[in-house]
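Q: sequence-free structure coming up:
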């Protein structure tokens, strides 16, 4: 069942369109990645979900019901532009922000202590925010976002400003949150994290959604039946031994190993290629080349730009 | 509603707990009290050092006329000026008074030689003695021409003293209800201007705090975190109201502290006066102290009169209307200050938007000095009705007495004005707080109003 869905969301600003009929649906207990180059409209979309900005057209639904301000307490939002009051003490501030989310003071203190301890920042409770490193501030912000145990969590670039250790900490927490029942939407440029975390993605470019689907399916769709062979004991152009229907894309040498990328015609099995190669050389490894999200992202956005130029 | 209370609470507590707030709260009344008390205290204490003044009087008129006081003693010397000057340098005395010989008329010049700048009290004392002596000499010369007998002569000698007069003009206002009220125009003027300036000062002080608070939230990037849980309008109003409470707290503390300091001052002041005059009486001989006593008596009269005037003012009405105009004047402008804060990225960029806010306030404070001269005129009326200027101008007028109808009209328009500016500012605010790194101009603001 979908926890959240948006239908044909359109938002115009005075001189440009930020979103043009964007629809997404996010199923319960999944992680949804919202991708797109800078300025594509991701942040505007997330602000609309948080009811910070109102859409010009379109409808939003939360658990099947129309999204209203009373849903705010079931949503946690970590904006891209985030910060804390610099002069305020960390604990006091976390408590304030937690209370604004509707948690009563007693519960808030209990929960904050638990999370502060877990993230190893309890000793900072009475320090001023300006004394904290950026990474620690991010931890505090992350805690505040998830503290009220919202059903829907929205992270805008959650990993910016973290070192690799803390990125992993946050990643683990996000996965745990999902496993415990939360639904998560997050936007990022970090494609590696998309592959690790997301069940489902949507790619927005230039205010329009250009790709949408399960990460698994998208990857399958973008597979081009291409394989990488690493071999030895053969010098010279592979084309001289390859059957005509195999297409050599790339061939190069690294130390005493040779590498080649070969594309197979559709409906051809890799076994055929192996049979073709085996008599001539020694195979060290043989892999299918699966496109990374990064490749798909770049390919899609580039194609979109090209199409725009051609139209113009 | 619970959330806006939380915001108000945070805005209030973070400011009240600040060291600068505590310092300002204590410093304000202390400074005011110091302005009143310190000069008197200093005047009493500073002259404790004994000063010796040498007198070289070539005319001989002033021999033994300079009487020693508590801290000045006089010594006549009889040499020529050059030797006197040479000796003076070695003597370590305070000053050397040289009265040159004149041919026909009485002397009108004298020179005071000193190695430091002689203080004003010494100079005025010397002047006073000389003027008195020469006036008496002149009087004697004139009386001698009249050939009077002994009794008439004494009467004539007393003429200068007996004609000294001072007039007390008190004004009484007949109120609508037919009561008579003693009025003190000068006190009303001072009070009017003072409250006008205070309101002006408070609007700027606390309005700027609102603006700075908004900028702080914007630059620290916490604003989006907060407005994901509350509406931008709630955040803005919470801040404005929270700071209003800070202002009221400070104001009430100032009123209480100033009143208590003034009453303490009043008691000690009343004690000091007789002490001072008796001291003069006991330590000095007849001529000058008698005169001084007279002036101190005049002073006491003036002081009691000022106190009477101060008590004639209806402080209940003054304080209540001050609180109202302070509060709503602040609220009216605070929303605008918040809008300005939301439109910029740093305090340095606020200049261009501050102008439309500061112009009506500065205009009002400039007009205030004309208003006090004609508090009932049409300009006064209109400026005290229009919401942008009314908080200052009405406060200037109120000590002179303003009809209830006008006050109510002005107050209701001010409340409407506050609702208007807040509505307008909220529209700019909710867009502005999410805009970063964009150079905003008035055209842009106009667009935001229409979103």
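A: Structure's in. What do you need? This is a predicted model, so every value here is computed, not measured. Numbering: from 1, shown residues only, chains lettered A, B, ... in the order given.

Q: any idea of the mean pLDDT in stretch A:141-158?
A: The average pLDDT for stretch A:141-158 rounds to 91.

Q: and if you look at stretch B:98-111?
A: On average, stretch B:98-111 scores 83.

Q: for that stretch, buried residues please.
A: For stretch B:98-111, a neighbour-count test (16 or more other CB atoms under 10 Å in any protein chain shown) marks B:98-99, B:107, B:110 as buried. In short, each C-beta sits where N, CA and C put it, glycine included.

Q: same check on stretch A:241-254?
A: A:242, A:246.

Q: what's in contact with it?
A: With CB atoms under 8 Å, 6 or more residues apart in numbering or on different chains as the test, stretch A:241-254 has contacts from A:226, A:234, A:237-239, A:258-265, A:268, A:272-273, A:276-277, A:280.

Q: again, only using 7 Å
A: A:226, A:238-239, A:259-265, A:273, A:276, A:280 (CB atoms under 7 Å, 6 or more residues apart in numbering or on different chains).

Q: what about burial for the residues you listed, which qualify?
A: Buried among the contacts of stretch A:241-254 (16+ other CB under 10 Å): A:226, A:238, A:260, A:262-264, A:273.

Q: closest to chain B out of those residues?
A: residue A:226 (43.0 Å; CB to the nearest CB).

Q: phi, psi for that closest one please.
A: Main-chain dihedrals, residue A:226, degrees, to the nearest 10: phi -110, psi 140.

Q: go on, residue B:386?
A: phi -70, psi 130.

Q: quick one: the strands in the stretch 151-300 of chain B?
A: Secondary structure of the stretch 151-300 of chain B by DSSP state E, counting those that start in this stretch: the strands cover B:171-174, B:180-183.

Q: the host helix or strand of residue B:446 near chain A at all?
A: Assigned by DSSP states H and E, residue B:446 belongs to helix B:442-450. Yes: interface with chain A: helix B:442-450 contributes residue B:447 (CB under 7 Å from any CB of the partner chain).

Q: buried residues in that helix?
A: B:444-445, B:448.

Q: now these in a markdown table, with pLDDT?
A: A markdown table is the format used below for the buried residues of helix B:442-450 (pLDDT from 0 to 100):
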| residue | pLDDT |
| --- | --- |
| B:444 | 80 |
| B:445 | 83 |
| B:448 | 79 |
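
Q: all helices of the stretch 1-150 of chain A, in order?
A: Here the stretch 1-150 of chain A has its helices, by DSSP state H, counting those that start in this stretch, at A:42-49, A:90-100, A:105-118, A:134-146.

Q: hmm, the third one touching chain B?
A: No: contact between helix A:105-118 and chain B, assessed by CB under 7 Å from any CB, is absent, since the two come no nearer than 9.9 Å.

Q: show me what that helix is packed up against.
A: Applying 3 or more CB pairs under 7 Å, 6 or more residues apart in numbering or on different chains; DSSP states H and E, we find helix A:105-118 packed against helix A:90-100.

Q: now chain B against chain A: closest residue?
A: For chain B, CB to the nearest CB, closest residue to chain A: residue B:221, 3.2 Å.

Q: tell me the confidence at that residue?
A: So residue B:221 comes in at 86 (pLDDT).

Q: correct me, but it touches residue A:84?
A: No: the criterion here is CB atoms under 7 Å, and residue B:221 misses it with residue A:84 at 8.4 Å.

Q: mind checking which of these two has more residues around it?
A: residue A:84 (23 against 16; other CB atoms under 10 Å in any protein chain shown).

Q: just to revisit the earlier point, out of the strands of the stretch 151-300 of chain B, which gets the lowest mean score?
A: Ranked by mean pLDDT, those bottom out at strand B:180-183, which scores a mean of 58.

Q: domains in the chain, by residue range?
A: Just so you know, I chose chain A. Split into domains by automatic domain parsing, chain A comes to A:2-220, A:224-288.

Q: was after chain B, sorry
A: Split by automatic domain parsing, chain B gives B:50-131, B:184-450.

Q: buried deepest among those domains, which one?
A: For these, ranked by mean neighbour count under the definition mean count of other CB atoms under 10 Å in any protein chain shown, the leader is domain B:184-450 at a mean of 18.

Q: so how far is that one from its chain's centroid?
A: Chain-centre distance of domain B:184-450: 15 Å, with CA atoms, centre = their mean, to the nearest Å.

Q: ok, the closest residue to chain B within the stretch 201-312 of chain A - contacts?
A: Per CB to the nearest CB, residue A:207 is where the stretch 201-312 of chain A lies closest to chain B, at 17.7 Å. Neighbour list for residue A:207: A:17-20, A:41 [criterion: CB under 7 Å, 6+ apart].

Q: go through the helices of the stretch 1-150 of chain A and pick out the most buried.
A: helix A:42-49 (a mean of 24).

Q: and for it, what's in contact with it?
A: Contacts of helix A:42-49 (CB under 7 Å, 6+ apart): A:9, A:11, A:18-19, A:22, A:34, A:36, A:53, A:55, A:60, A:80, A:154, A:156, A:187, A:204.

Q: so who does residue 202 touch?
A: Here I'm looking at chain A. A:24, A:34, A:209, A:211-212.

Q: please refer instead to chain B.
A: B:247, B:326, B:330.

Q: which residue ranges of the stretch 51-200 of chain A form strands?
A: Using DSSP E, counting those that start in this stretch, strands in the stretch 51-200 of chain A cover A:57-62, A:65-66, A:75-78, A:152-156, A:183-187, A:200-205.

Q: wait, which of those is closest to residue B:136?
A: Across the strands of the stretch 51-200 of chain A, residue B:136 has its closest neighbour in strand A:75-78 (92.3 Å, CB to CB).

Q: pull up the pairing partners for that closest one, direction included.
A: Using DSSP bridges, strand A:75-78 pairs in its sheet with strand A:152-156 (parallel).
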